[in-house]
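Colleague: Give the three-dimensional model of this entry:
(2 chains)
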Amino acid sequence: MSLDHIVSVTIGGLTVGMIYALIALGYTMVYGVLKFINFAHGEVFTIGGYVAAFTLLGLGVNDDMSPLVLAGCVVLALLAAVLVPMAIGFLIERIAYRPLRGRSRIIPLLSAIGVSIVMQQLIILVFGPAPVSMPSLAVGSASFVVFGIRIRVLALVIIAVSSALMLGLTYLVKSTRIGKAMRATSQDMEAAEMMGIDTNKTIAFTFVVGSALAGIGGFLVVMYYGSLKYDAGFLYGLKAFTSAVLGGIGNIPGAVVGAIVLGMTETYGVSLDLGFMAWFVVAGLILGLYVQMVRVPRRRLQHIADDRRTPAYEKSITDVYRLTPYYGFKTLLAERTDALLSVSAAHAVRLMFGNLFLAVVAAVMFANASVRIDTRWQPVIAFVVLMVILMFRPSGILGEAITEKV
Amino acid sequence: MDAILELQGVSMSFGGLKAVDNLSFTINENEIVSIIGPNGSGKTTTFNVISGLYEPDSGEILLKGESVAGLRPDAVHDKGISRTFQSLRLFSNMSVLDNVLVGMHSVTDSGVLASMLRLPKVRREEQAMRERAQEILEMFPGRFSGPRQQQPAFSLSYANRRRLEIARALASDPTLLMLDEPVAGMNPMESHEVMEQIKILRDKGYTIVMIEHDMHVVEGVSDRVIAMDHGVKIAEGTYHEVANDPQVVEAYLGKRAAEATA
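Modeller: Prediction:
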């Protein structure tokens, strides 16, 4: 694992993460305002990519064109990839969600799944079932070398464009008139209405902005990977949704953080060999031992009567001794339950087996140090990350956007 | 004196329950009118119907002679009716200043593109709005000064949250200000202070209709009092006329008490 490898993997992870973020923002904004997951959002992203690719194909771009004309064509494609998804996002909200607003939450959710299916079929109808392929352009694959590390220009463009868009969105939500209306609507729709905010307009605007971002995401993906399938929106949408939940659904910075975490873990997960990852398991094991030996007994000490809490006693129960098989045996014989305090024998045995399991996993990974996880396992890694983080932090990394009720 | 708000035979029922029954009254310009009545007598429903949350089953609501019945709440607000809520409904995660700025939504009009590009026109409007918000918040001297304006609304004390609701409602410079129990839950000193502020608002030319249970406040500020019971207006007049009306006494204290006072 050399340094240049790490740098290039990091850039790759950041690129993927930024694209997830662009899509995740749409999920999280709509959730923030309506408390509802717009499952058709992934398809809006696909449409953005398709429209961009077909615009470029239709314009017949190739490397013989003058750079100026080429740039003009790319701008046109980008415009199309923004405007068409905007219109579609607006129509989806108007036709499929607004009439159902205020119903029980499951109803618009079903409608969203329906819309998602309809959109996929529409893409096939309009553009055909074959994946769309971009004309290969020199710009698209251009790269340069810094300190021996090859970096694709497009990756940097994606990172820069996405960051700029996210800053713009933050400004929009924080400081502009419509942003204030969005925040007010998300906190108390009825009160917002009575303060003169047209909530229908505000919600439509939220959908339009989210769709524009997803469209740009589609454009960037098709430029970066060169092709897109009609059902690409499903997996991208799912991962973006995962990012939004990971960062804390309804929380705009959270969506970006979640997306970057997801993109990074995914990319690292399939680029690192097991020998490298084993160290993470070792770190987890050490952390776990520390918690079991020091933190937990100390906390439990508070329940012990003062006269028994001599320094020697405290030491005896925070000792490494607790983890030896001898101690486990004693525990089973219930001879030292006081030292275990509220830790039951079964719990102590479970802990011991947990530690053993981690140690064995690390050993197996070290034994197969040069093996890498197959790329096909990428979605699984994403899912595992989601599970683990949500187990310890159910509201997501930055926390859900919850309105403090007073 | 011109009529600002006119209700003509407004009725509103939920299922079989007639919450407001053939209610008519008039609020004149620069007047403070209190609506009193026992719990469940239809006061807040009346407010909700006026502010567009519910469409009345029948009847007409006129603001300066123009019908506002059946309009959406935001459209009613645009016409010039602003209100506060009985149970506080501030945007609690937004700052104090932002809450007031949201109240100005209908009197500003900078578009999305213009505000993203920070055109000079937008900046001027923003500056003006900030100054106006400052002015409104200063109506409550010492309550929303300096750094407190940047704090989220949920961090305020209860009484200050009530004050902020009034400030937010005032932000759009409404033709008619509706206060739903402005002193609920306040101690006598605080409610006295709010009472004085309501009087100041009248002196500034606002027209106010309020729901209030605190008879001290009702007596202190009202030019007229309307009493309701079971969705029906049972008395109207000065505070003393209404307070001594046998029907009002009966509604509050029961039939026997009413007979005893008679």
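Colleague: which bits of chain A sit near chain B?
Modeller: Within chain A, the residues that sit near chain B (C-beta under 8 Å from any C-beta of the partner chain) are A:168, A:171-172, A:175-178, A:180-181, A:183-184, A:187-188, A:190-199, A:205, A:401, A:403-406. Just so you know, the C-beta spots here come from the backbone N, C-alpha and C atoms, and that holds for glycine as well.
Colleague: what pLDDT does residue 124 get?
Modeller: Looking at chain A here, since you left the chain open. For residue A:124, the pLDDT comes out at 93.
Colleague: not what I meant, chain B
Modeller: So residue B:124 comes in at 88 (pLDDT).
Colleague: Near it, how many residues? Count them for me, please.
Modeller: By other C-beta atoms under 10 Å in any protein chain shown, the residues close to residue B:124 number 11.
Colleague: Sticking with it, tell me its helix or strand.
Modeller: Take DSSP states H and E as the rule and residue B:124 turns out to sit in helix B:120-137.
Colleague: buried residues in that helix?
Modeller: B:122, B:125, B:126, B:129, B:132, B:133, B:136, B:137 (16 or more other C-beta atoms under 10 Å in any protein chain shown).
Colleague: Report all helices and strands that it contacts.
Modeller: Using 3 or more C-beta pairs under 8 Å, 6 or more residues apart in numbering or on different chains; DSSP states H and E, the elements in contact with helix B:120-137 are helix B:96-103, helix B:112-117, helix B:158-170.
Colleague: got the contact list for the first one?
Modeller: Helix B:96-103 is contacted from outside by A:180-181, A:183-184, A:192, A:195-197, B:82, B:90-91, B:94, B:129-130, B:133, B:136-137, B:144, B:148-153, B:156, B:164, B:167-172, using C-beta atoms under 8 Å, 6 or more residues apart in numbering or on different chains.
Colleague: Show the average pLDDT along that helix.
Modeller: Rounded mean pLDDT across helix B:96-103 is 92.
Colleague: what about that helix, distance to the chain center?
Modeller: The chain centre lies 17 Å from the centre of helix B:96-103; the measure is C-alpha atoms, centre = their mean, to the nearest Å.
Colleague: Can you check what pLDDT the model gives residue A:185?
Modeller: Looking at residue A:185, its pLDDT reads 93.
Colleague: about what we covered before: figure out which of the helices and strands packed on helix B:120-137 is closest to residue A:131.
Modeller: Set against residue A:131 and scored by C-beta to C-beta, these come closest in helix B:112-117, at 35.1 Å.
Colleague: what does the average pLDDT come to for that closest one?
Modeller: Across helix B:112-117, pLDDT averages out at 80.
Colleague: Give me the secondary structure label for the closest residue to residue B:61 other than its chain neighbours.
Modeller: Nearest residue to residue B:61, sequence neighbours excluded (C-beta to C-beta, 6 or more residues apart in numbering or on different chains): residue B:69, at 4.3 Å. Classification of residue B:69 using DSSP: H, G, I helix; E, B strand; the rest coil returns coil.
Colleague: so who does residue B:69 touch?
Modeller: Counting by C-beta under 8 Å, 6+ apart, the residues that residue B:69 touches are B:10, B:49, B:55, B:56, B:59, B:60, B:61.
Colleague: Can you tell me how far the fourth one is from residue B:177?
Modeller: Pointing back at residue B:56 there. From residue B:56 over to residue B:177 the distance is 21 Å, taken as C-beta to C-beta, to the nearest Å.
Colleague: ok, now the last one?
Modeller: Here the criterion is C-beta to C-beta. By it, residue B:61 lies 16 Å from residue B:177.
Colleague: got it, and the first one?
Modeller: Using C-beta to C-beta, one obtains 19 Å as the distance from residue B:10 to residue B:177.
Colleague: before we move on, back to that, narrow the contacts of helix B:96-103 to just the buried residues.
Modeller: Among those, those that count as buried by neighbour count (16+ other C-beta under 10 Å) are A:180-181, A:183-184, A:192, A:195-197, B:82, B:90-91, B:94, B:129, B:133, B:136-137, B:144, B:148-149, B:152-153, B:156, B:164, B:167-172.
Colleague: what's the span of stretch B:232-247 from first residue to last?
Modeller: End-to-end distance for stretch B:232-247, by C-alpha to C-alpha, to the nearest Å: 12 Å.
Colleague: which residues touch the helix holding residue B:124?
Modeller: The contact list for helix B:120-137, computed with C-beta under 8 Å, 6+ apart, reads B:96-97, B:100-101, B:104, B:108-110, B:114-115, B:143-145, B:149, B:167, B:170-171.
Colleague: cutoff 7 Å now
Modeller: B:97, B:100-101, B:104, B:108, B:110, B:114-115, B:144, B:149, B:167, B:170-171 (C-beta atoms under 7 Å, 6 or more residues apart in numbering or on different chains).
Colleague: Residue 16: neighbouring residues, count only.
Modeller: With no chain named, the answer covers chain A. 23.
Colleague: ah, no, chain B please
Modeller: 5.
Colleague: Quick check on it: phi, psi?
Modeller: Here is the backbone geometry of residue B:16 (degrees, to the nearest 10): phi -90, psi -10.
Colleague: Distance of it relative to residue B:39?
Modeller: With distances taken as C-beta to C-beta, residue B:16 is found 19 Å from residue B:39.
Colleague: Cheers, nothing more for now.
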